[in-house]
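Chemist: need the 3D shape of this:
(one chain, ligands or ions: 3)
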Amino acid sequence: MSSPRIAVIAGDGIGPEVIEQAIRVADAAVHKYDQTALAWNHLPWSSEYYKRTGHIVPADGWDLLAQHDAIFLGAVGSPDVPDTVTVHGLLLPMRRKFDQYVNLRPAYLFEGVTSPLSGKKPGSIDMLVYRENTEGEYAPIGGRLYPGTTDDIAIQTAVFTWRGCERIMRAAFEGARKRRKKVHSITKSNALPYGMVLWDEVFREVAKDYPDVQTYSLLVDAAAMDFVRKPEIFDVVVASNLFGDILTDLSAIVTGSVGLAASANLNPERKYPSMFEPVHGSAPDIAGKGIANPLAAVLSVAMLLDHLHLEKSGQAVRRAVATVLKEGKALTPDLGGKATTREVADATIAAI
Ligand code: NAD
Ligand code: IPM
Ligand code: MN
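Modeler: Ligands and ions are numbered 1, 2, ... in the order given. Next up is the predicted model:
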């Protein structure tokens, strides 16, 4: 088979630090378990690149990206560059342009990792969040009237479509069938009587096609409480763009660290490349110190390998991460250790 072509956008802050190590881990796994090689195409798009060139994605950038089998992204965002450039110029348009409407975010409490919640056993927290990734509260629709004055008015509109709700919910139900057959839908229809009421209606309709799956509808504020109070009850969770964003930082921390939280931004039809990235951001507070946990990026690249049908390698990476965490010898400071980013990757490669 010819080498899969993967676009790499390492980005800002700790993005390049964790991406470099995740690529080493992926190469080791693929070499051993799938006897192939990956063709990584490094694209310099970042805040630094923007400061040099005046744009974060070059004119032909989207066409170039579209020619790849997948995209591996670190993080974008810098204190000295506005979000309009980084987040709204690269990350969010990518999710929409490539119709990556399923944002899959697993959270698993590994053996050897201490949850900030007391008394949680390994594996007792094991959830998979399906976050809607192309519309909802993130739809860039709205405007400002009289900006720069105290008469300023801001309108920010959320967009919920039947089609958008249905496709993320169907993906969640299909995913639940491969797991414990439970889906929690996250809503706020008590306060948001249009978008979230539509969300609930679509959920009830889609659920009819999956009578073998248990369903629950939970208000987002109560869900936030239950992610802490009894995270064991969750299997598959389906949520809107904003609710899914917030709840997955919560699911990340109750399973030990955002430094372990992986994600896939999937275009299930494979019309466009899917994108894989850690849940965390560029972490300016620890950037350049060599202490960022690379395992969120490593587990994200494992999802990328699965997507490319290199499941043996994906599995091997996940097994190696589990071994490293269980042994507890090479852990970064977020997990209570003293190891560097590179040392954690070295240990993971050794486990492979
Ligand atoms: P963040 O996730 O970058 O950091 C939050 C906290 O978690 C910080 O204390 C950080 O040190 C810690 N942390 C994050 N990743 C870690 C890792 N791998 N190992 C150890 N500790 C880790 O969130 P933030 O500080 O709110 O955002 C910083 C910037 O990143 C902002 O510009 C934001 O917009 C951007 N951001 C980008 C993405 C993305 O590109 N996908 C995601 C989230 C945030
Ligand atoms: C994430 C990030 C992004 C989001 C930001 C950077 C816009 O927090 O991927 O979780 O909210 O989707
Ligand atoms: Mn987030």
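Chemist: what helix or strand is the closest residue to ligand 2 within the stretch 201-350 of the chain located in?
Modeler: Per CB to the nearest ligand atom, Asp245 is where the stretch 201-350 of the chain lies closest to ligand 2, at 4.2 Å. In this view, the C-beta of every residue, glycine as well, is placed from N, C-alpha and C. Following DSSP states H and E, one finds Asp245 within helix 241-254.
Chemist: do that helix and ligand 1 meet?
Modeler: No - Helix 241-254 is not in contact with ligand 1 by CB under 6 Å from any ligand atom; minimum separation 7.6 Å.
Chemist: using CSV, list the CA coordinates for whichever strand or helix holds Glu205.
Modeler: Glu205 belongs to helix 195-207 when elements are defined using DSSP H and E. Taking C-alpha atoms only, helix 195-207 is exported to CSV below (Å, rounded to 0.1, in the frame of the first residue of the first chain):
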residue,chain,number,x,y,z
GLY,A,195,-32.7,25.4,19.4
MET,A,196,-32.6,23.1,22.4
VAL,A,197,-36.3,22.1,22.0
LEU,A,198,-35.5,21.1,18.4
TRP,A,199,-32.5,19.2,19.7
ASP,A,200,-34.7,17.2,22.1
GLU,A,201,-37.3,16.5,19.4
VAL,A,202,-34.7,15.1,17.0
PHE,A,203,-33.2,13.0,19.8
ARG,A,204,-36.6,11.4,20.5
GLU,A,205,-37.1,10.7,16.8
VAL,A,206,-33.7,9.2,16.2
ALA,A,207,-33.9,7.1,19.4
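Chemist: run through the neighbouring helices and strands of it.
Modeler: The contact analysis (3 or more CB pairs under 8 Å, 6 or more residues apart in numbering; DSSP states H and E) places helix 195-207 against helix 162-177, strand 182-187, strand 214-219.
Chemist: ok, 6 Å please
Modeler: Under the contact criterion of 3 or more CB pairs under 6 Å, 6 or more residues apart in numbering; DSSP states H and E, helix 195-207 touches helix 162-177, strand 182-187.
Chemist: dihedrals phi and psi, the residue lying closest to the residue of the stretch 201-350 of the chain closest to ligand 2 once chain neighbours are set aside?
Modeler: Spatial nearest neighbour of Asp245, excluding adjacent residues (CB to CB, 6 or more residues apart in numbering): Arg131 at 6.7 Å. Backbone geometry at Arg131, expressed as degrees, to the nearest 10, gives phi -100, psi 130.
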